[in-house]
Each structure stands twice: as C-alpha cells, then as structure tokens.
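> build me a structure from this.
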Amino acid sequence: MNILLSIKPKYVESIMNGKKKYEFRKTIFRNKDIDRAFIYSTAPVKKVVGSFILGDIIEDYPDKLWENFHMFSGLSDKEFFTYFNGDKKGFAIEIESVEKFDTPIDPREKDPDFTPPQSFYYLEKVYQIGIIDFY
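I've put the predicted structure just below:
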C-alpha cells in the first residue's frame, strides 16, 4: 500500500535537498503497511513531484518531537508549534530514499476530477512506468 501526501512546495524543496528528514502530522494513517509516500506539491505546483520510503513513525508530544527532531525538520519553531497549535500528540514520519521525478505528474491529466488530499490518502498499486493510478 502507498499513500499520497499533500505538502507545501517550500517543504517539498527541503525534502528534495535533504534538509527535511521528518514529515510531521497531527494524525497518522491507520494502515501501518505503507511502503511509499508519493509527494503532492500543493499550489501553485499542483503535481506529484516525487516519493520517499517511510522510515520510523514516532508518536509523541509535540514539544518532545521538536526537541528530538527540530534539526531535521526543515521548519522554524514558530512554523512547527503553529501547526500543532496546542495538540496533545503528533507524529514524525522519517523520510528515507527520496526520489525526485524527472517529470512531475499532473494527476488531473489521468483523472480530471482529482482532488488533492487534505492531509493524505491511500493509493493502490501506484507506480507503473511513471503513471500514477488513483483508486
């Protein structure tokens, strides 16, 4: 199983250049059998620009996540704590083996009704010769 993650372009750039080694989320997927995360770069890009293999997923208090992973977050402390906004728990997804696509994929070419995920959604068999199938 794979997932599609919506990520803002400035954070996508940090992932691609290796500065951001953890992606932070308020909620996490229930299915723990995830192989790969595909990266949907939000507006103005609006394309699937790459993927990465998921490493460890750490659940903890946001202040502990910041304490342990801020140097690999690609975020300022203000961005981090504004995102979590008083939440009691959070998740840090370790980013491993990043692949940047030579040609970003516009999912609307395959599915004109495509709606990007608010946070993420599951994908089935996604990677077929550079074409992503959305189910």
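
> torsion angles phi and psi at residue 28?
Dihedral pair for residue 28: phi -130, psi 160, per degrees, to the nearest 10.

> quick check: beta-bridge partners of the closest residue to it other than its chain neighbours?
Nearest non-adjacent residue to residue 28, counting by C-beta to C-beta, 6 or more residues apart in numbering: residue 91, 4.5 Å away. For glycine as for every other residue, the C-beta is placed from the backbone atoms N, C-alpha and C. Taking DSSP bridges as the rule, residue 91 bridges to residue 25, residue 59.

> mind listing what the spatially most central residue of the chain touches?
Most central in the chain under C-alpha atoms, centre = their mean is residue 5, positioned 4.1 Å from the mean C-alpha point. Applying C-beta atoms under 8 Å, 6 or more residues apart in numbering, we find residue 5 in contact with 23, 37-40, 117, 119-120.

> which residues does residue 93 contact?
22-25, 28, 37, 54-55, 57.

> quick check, pLDDT for it.
Note for residue 93: predicted pLDDT of 97.

> excluding chain neighbours, what is closest to it?
Nearest one to residue 93, counting by C-beta to C-beta, 6+ apart, is residue 23 at 4.5 Å.

> how about residue 62?
Once flanking residues are discounted, residue 62 sits nearest to residue 84: 4.0 Å by C-beta to C-beta, 6+ apart.

> wait, a helix at residue 11?
Yes. Under DSSP: H, G, I helix; E, B strand; the rest coil, residue 11 falls within a helix.

> is residue 61 in contact with residue 91, as I believe?
No. The criterion here is C-beta atoms under 8 Å, and residue 61 misses it with residue 91 at 11.2 Å.

> mind checking which of those two has more residues around it?
Ranked by neighbour count (other C-beta atoms under 10 Å), residue 61 and residue 91 place residue 91 first, with 18 against 13.

> pretty sure the residue nearest to residue 62 sits against residue 90.
Yes. Counting by C-beta under 8 Å, residue 84 touches residue 90, with 5.5 Å between them.

> now do the shared contacts for those two.
Counting by C-beta under 8 Å, 6+ apart, the residues touching both residue 84 and residue 90 are 24, 26, 62.
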